[in-house]
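Predicted structure and sequence below. I'll ask about it afterward.
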Amino acid sequence: MSGDECASAKTVTPEFLLRMRKKMKLLYYITSHGYGHAARTATICNLLSPDTEILFRTTVPPEFFAEEIRRPFAHAPAEFDCGCRQTDGVTVDVEETLGAYRSIADRNAGLLDTEAAWCVKNGVSVIASDIVPFAFEVARAAGIPSVAATNFTWYSIYEDYAAGRPGFAPYLDKIREQYALADLLLALFPACPMPYFPAALNVGPVGRVGTDIRRRLREENGIAFDKRLGLIYTGNFGMDGAAWKDLERLGDWEFFGLYPLPGAPKNYHRIEKNLFRYQDCIASADVMISKLGYGTCAECLLNGLPIVYLPRDGFAEFPVLHAALSDWGYGYLLSKENFYSLAWSDALDVVQRRGKPAPLPSGAALTCAREIEKLGSPPPSYFA
């Protein structure tokens, strides 16, 4: 898509051109669902030009970005979507999710003019979203170009939930209409179909790439050098139903992770994120054991780390992620029963026998950063 197509007459206003004579300011709306969306956003933002100002609009706390972003940023807390309401790491409460989104969408309708005026007042040059639908309506109302950077949308997720719930149909239609207002979709591999965006650029996986620090991990956590390393990721919602005490039966392995595991034995080591960067933990492990989301999938691909995971029902991106890992050849799907009962031995034996694959190329985040800046920069003819 050319610069002239990005900076179309319907999005570039005189006010926008006046703002662009100053330093570029990116406003990034980030969905209120866990930290995965914020983590990949941070990866992109770290590769923006040094003179691009960044303002995050999200309920993700600024402390998270302070850990992930290697540059100055501003933070304006706000909630314009809700993602999914979950009872644990893999289970969605559909009724609560749709009810929460209805309430937020009703409130958003009365905030459109105020939010658009806020964007103009703050000198925003370009709006990016992962993947708040309201952001694109705000951008259109403010006359500011907008871009989505994502592998799925809430339309993808809610479409299945809305089946048999006709009361949610108008909200689903509105979400699709809002996404259609974006100037560009950056579709992150592996991506769900998103045909409602008017223009799309397919890019590779976006995620953090780490450095192998396994020697330090072993030394500082008392892990023997003859043991394999398994990184366990349960997410913020946890997986308390798993028989974590049975980790001790997997005697050839030592496990580590960010979260406490109820009843975990001595061969599980909880690490502190402020002492060990998570991407370095990924690069240092022999396998990840996790629920499957975009972040875990992309970062295993980018760091060449095999992954053992369980099914995730009622989440439209799971089949796409699972298919990508199957094609890659280093993803190992367990049944929920085997995962929660820690019947991992067969999968771990295969991991140990096959070893680790080569990492995939990691240039997609830089592509996203440059496309966002390109969209926020009208061609020189506009300043003539």
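Good, I have the coordinates.

Quick check: nearest residue in space to K227, chain neighbours excluded?
E254 (4.3 Å; CB to CB, 6 or more residues apart in numbering). All C-beta spots, glycine's among them, are computed from the backbone N, C-alpha and C.

What ranges does the chain have for its strands?
For the chain, the strands defined by DSSP state E occupy 25-30, 53-57, 74-76, 126-130, 146-150, 184-188, 200-203, 228-233, 253-257, 268-270, 287-290, 307-309, 331-333.

Nearest to G222 among these would be which one?
strand 268-270 (7.8 Å; CB to CB).

Which residues does the closest one contact?
221-223, 232, 244, 247, 254-261 (CB atoms under 8 Å, 6 or more residues apart in numbering).

and it, which strands flank it?
Sheet partners assigned to strand 268-270 using DSSP bridges are listed as strand 253-257 (parallel).

Among the strands of the chain, show me which one is buried the most.
Highest mean neighbour count among these (mean count of other CB atoms under 10 Å): strand 126-130, with a mean of 29.

which helices and strands sit right next to that strand?
In terms of contacts (3 or more CB pairs under 8 Å, 6 or more residues apart in numbering; DSSP states H and E), strand 126-130 is packed against strand 25-30, helix 36-45, helix 134-142, strand 146-150, helix 364-375.

Quick check: longest helix in this protein by residues?
Ranked by residue count and defined by DSSP state H, the top helix of the chain is helix 94-109.

Pull the distance from it to the chain's centre.
Remark: helix 94-109 is offset 21 Å from the chain centroid, using CA atoms, centre = their mean, to the nearest Å.

For burial, what's the neighbour tally of the closest residue to A162 other than its chain neighbours?
Distances taken as CB to CB, 6+ apart put F168 closest to A162, at 4.4 Å, once the chain neighbours are dropped. F168 sits with 19 neighbouring residues when counted by other CB atoms under 10 Å.

Show me the shaky parts of the stretch 51-200 of the chain.
Of all residues in the stretch 51-200 of the chain, none has pLDDT under 70.

hmm, try it at 90
By pLDDT under 90, the weakly predicted segments of the stretch 51-200 of the chain are 86-92, 164.

Which residue ranges make up each domain of the protein?
Domain assignment for the chain by automatic domain parsing gives 3-206+364-383, 214-354.

wait, Y278 sits on R208?
Yes - with contact defined as CB atoms under 8 Å, Y278 and R208 form a contacting pair (7.1 Å).

neighbour-wise, which of these two wins?
Neighbours around Y278 and R208, counted as other CB under 10 Å, are more numerous at R208. The numbers are 23 against 20.

Return the distance of the more buried one relative to G257.
According to CB to CB, to the nearest Å, R208 stands 16 Å off from G257.

And for P306?
16 Å.

just the helices in the stretch 151-300 of the chain please.
154-162, 169-179, 214-221, 278-284, 294-303 (DSSP state H, counting those that start in this stretch).
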